[in-house]
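Engineer: here is the input, now give the coordinates:
(one chain, ligands or ions: 2)
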Amino acid sequence: MDCLFCRIVAGTIPAKRIHDDEHCLGFFDINPQAPTHALFIPKRHLATVNDATAEDRLLLGHLAYAASRFAQAQGFADAGYRLVMNCNADGGQTVFHVHLHLLAGRRLTWPPG
Ligand code: AMP
Ligand code: ZN
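Structural biologist: Ligands and ions are numbered 1, 2, ... in the order given. Predicted coordinates for the structure are as follows:
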């Protein structure tokens, strides 16, 4: 298993976990780009969103749902936040295990760089 995020799921690499259910793990990003920066990942390895099959549709929605629950629990849902999934080189993806970024706690600019 040479995937960093699979290792975090397995617990062999530590992470500050914020969400854990049957299908999805949430943890804080090690290099935060906002006051709150978390990642929500499927527990099952999926390299990029391009690799999703029809069976993965619920799983991908599950990540956004878990992130929105966290935003509400933390109290910044109404102020706002951003969910981002980078894909491959032009998208800026560096870890090839699907992850949904949640960025919150400051006014984010648009368009992103
Ligand atoms: P991306 O560029 O979309 O692939 O995002 C990968 C993210 O994973 C980056 O924001 C990294 O800071 C984050 N990251 C890399 N290694 C770790 C780690 N061990 N624990 C938590 N986040 C990590
Ligand atoms: Zn993986």
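Engineer: please save the CA atoms from the helix or strand hosting Leu83 in PDB.
Structural biologist: For Leu83, the enclosing helix or strand under DSSP states H and E is strand 81-84. This file holds the C-alpha atoms of strand 81-84, laid out as PDB (Å, rounded to 0.1, in the frame of the first residue of the first chain):
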ATOM      1  CA  TYR A  81     -16.800  27.900   3.100                       C
ATOM      2  CA  ARG A  82     -15.400  26.300  -0.100                       C
ATOM      3  CA  LEU A  83     -15.400  22.700  -1.200                       C
ATOM      4  CA  VAL A  84     -12.800  21.800  -3.800                       C
END
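Engineer: direction included, what does that strand pair against?
Structural biologist: strand 100-104 (antiparallel) (DSSP bridges).
Engineer: now what about the longest helix seen in the chain, what contacts it?
Structural biologist: Longest among the helix segments of the chain by residue count, using DSSP state H, is helix 57-74. Contacts made with helix 57-74 from outside it, assessed by C-beta atoms under 8 Å, 6 or more residues apart in numbering, are listed as 18-19, 21, 23-24, 26, 36, 38, 40-42, 44, 46, 49, 52, 77, 81, 83, 98, 100, 102, 104. From N, CA and C alone the C-beta is placed, and that goes for glycine too.
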